[in-house]
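K.L.:
3D model of this:
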Amino acid sequence: MRFGRLGTELKHGYNAMTTRGSDMLMDIGYQVMKEGEAVDFQDKVQETAFVILTGKVEVAWDGKKEVMERHSLFDENPYCLHVPRGVEVTIKALIPSEVLVQQTVNDRDFAPVFYRPEDVQADVFGKGLWKGTAERTVRTIFDYDNAPYSNMVNGEVINSPGRWSGYIPHNHPQPEVYTYKFDKPQGFGACFIGDDAFKITHNSWSELSGGLMHPQVTAPGYAMWYSWMIRHLPDNPWKKTRTDLPEHTWLLDPEAQIWEPKR
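P.N.:
Numbering: from 1, shown residues only. A predicted model of the protein is given here:
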């Protein structure tokens, strides 16, 4: 599978998307919780990242407790708890909440890390290029630079309505998963995976095998959030690795001439 949809309304409990048995090498899903509900997580072989999407939860691990709260995917940076294999984590929903869960096999042990919104790097990509048509906010929670002990990368992209991201078209050998949400549930867009195109809808996801290009676009009127999660390969981690498709690199020339209609 390269693309999937969970539907506009998620079910209570765990909503699975990819599995580590696929070429994505990661278990990824949404945990939907009711107020007062508590869920325990512990995996003997996989590291796990918990990212708050909406709501307010208390997370407890190794005798520590923190609160993760978020009301807007678009306007607020996330909280995230990242733990190695074997660590027991309890998540208690203080109000109805939704948490993104990312896991992969990792035989390295490391100290759990709790990321606050101010710890999350946020950059504007595409600024000043192509009349702003590919300007977007890219948030990085952790990658090889700040978590070289991890086998994963976790971040978010915010697309303004009608804008592109993952542009210019590029690829990298490491597998990547995108999970999408819109500011309005009827929002839509499109993702391109190699030579295939798919309609993006609320709570859909795409599986990006290594070597396939993968730009995205959202329809006018609809802001799009998506999580981007990369799995490092053995002896080949993602170090902001990017190979631009050569037929599109002319767009990187600041003097590039782009056609516009005559008024």
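K.L.:
contacts, neighbours, all on C-alpha from now
P.N.:
OK.
K.L.:
Surely Thr133 touches Gly166?
P.N.:
No: counting by CA atoms under 8 Å, Thr133 does not reach Gly166; the two are 11.8 Å apart.
K.L.:
Need the overlap of contacts for those two.
P.N.:
Taking CA atoms under 8 Å, 6 or more residues apart in numbering as the contact criterion, no residue touches both Thr133 and Gly166.
K.L.:
any idea how far Phe188 is from Thr54?
P.N.:
The gap separating Phe188 from Thr54 is 20 Å, by CA to CA, to the nearest Å.
K.L.:
ignore the last one, Gly166
P.N.:
Distance from Gly166 to Thr54, by CA to CA: 25 Å.
K.L.:
Of Phe188 and Thr54, give the one with the bigger neighbour count.
P.N.:
Each of Phe188 and Thr54 had its neighbours counted (other CA atoms under 10 Å), and the higher figure belongs to Phe188 (23 against 20).
K.L.:
Neighbours of the residue found closest to the more buried one once you drop the neighbours it is linked to in the chain, how many?
P.N.:
Distances taken as CA to CA, 6 or more residues apart in numbering put Thr201 closest to Phe188, at 4.8 Å, once the chain neighbours are dropped. A total of 24 residues lie near Thr201 under the criterion other CA under 10 Å.
K.L.:
my guess is Thr201 meets Lys184, correct?
P.N.:
No: between Thr201 and Lys184 there is no contact under CA under 8 Å: 10.2 Å.
K.L.:
For this protein, just list every one of the helices.
P.N.:
Counting by DSSP state H, no segments of the chain form helices.
K.L.:
Going by neighbour count, which residues in stretch 50-62 are buried?
P.N.:
Residues of stretch 50-62 classed as buried: 50-57, 59-61 (neighbour count, 16 or more other CA atoms under 10 Å).
K.L.:
what do you get for stretch 19-30?
P.N.:
Applying a neighbour-count criterion of 16+ other CA under 10 Å, the buried positions in stretch 19-30 are 19, 23-30.
K.L.:
which two of those residues lie the greatest distance from each other?
P.N.:
Asp23 and Tyr30 (19.6 Å; CA to CA).
K.L.:
count of neighbours near Lys199?
P.N.:
Neighbours of Lys199 under the rule other CA under 10 Å: 16.
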